[in-house]
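> Need coordinates for the below:
(one chain, ligands or ions: 1)
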Amino acid sequence: AVVKYIDTNDNVTEVEMEAGETVMSLAVNNMVDGIVGECGGAQACATCHCYLDESLSKYFSPRSEMEEAMLEAAPERKESSRLSCQLELNDDLPDIEVRLPASQY
Ligand code: FES
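Coordinates of the predicted model:
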């Protein structure tokens, strides 16, 4: 399966999933623009902000309180906002797409 990263101009970057990675680390490892992941996945920076469609949320664990708190501080917070470092990938997932905010700061 793949993760599709879609930027605000609808440019799609498709990356083959790797179990054990997260949507954030997969993006960073493959130099996908638009995901920074400054804190390395510690829910402490929100530079891995992405939007996950409601229909895909069932594949991932729900937001923790810490994630909620970080997202509060993120620009362009939406209903579908997630920290991509909290979206863990495994071999059972279908193709996933996430949308990226215009800016991570
Ligand atoms: Fe910092 Fe996700 S990488 S909060």
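> got the buried residues for the helix or strand residue 71 falls within?
Assigned by DSSP states H and E, residue 71 belongs to helix 65-73. Neighbour-count burial for helix 65-73 flags 67, 70-71 (criterion: 16 or more other C-beta atoms under 10 Å). In this view, the C-beta of every residue, glycine as well, is placed from N, C-alpha and C.
> Residue 90: neighbour count?
Residue 90 has 12 neighbours, counted by other C-beta atoms under 10 Å.
> got it, and residue 10?
If you count neighbours by other C-beta under 10 Å, residue 10 ends up with 7.
> Repeat that for residue 63.
Per other C-beta under 10 Å, the neighbour tally for residue 63 reads 17.
> which residues does it contact?
Taking C-beta atoms under 8 Å, 6 or more residues apart in numbering, we find residue 63 in contact with 71, 82-83, 86.
> mind listing what residue 74 touches?
With contact set as C-beta under 8 Å, 6+ apart, residue 74 has these partners: 46, 49, 81, 101.
> can you tell me which of the buried residues of helix 65-73 are up against the ligand?
Contacts with the ligand within these, as defined by C-beta under 6 Å from any ligand atom: residue 70.
> so residue 102 touches residue 8, yeah?
Yes. If you go by C-beta atoms under 8 Å, residue 102 and residue 8 touch, sitting 4.8 Å apart.
> most centrally placed residue in the protein?
Closest to where the C-alpha atoms of the chain average out (C-alpha atoms, centre = their mean) is residue 84, at 2.5 Å.
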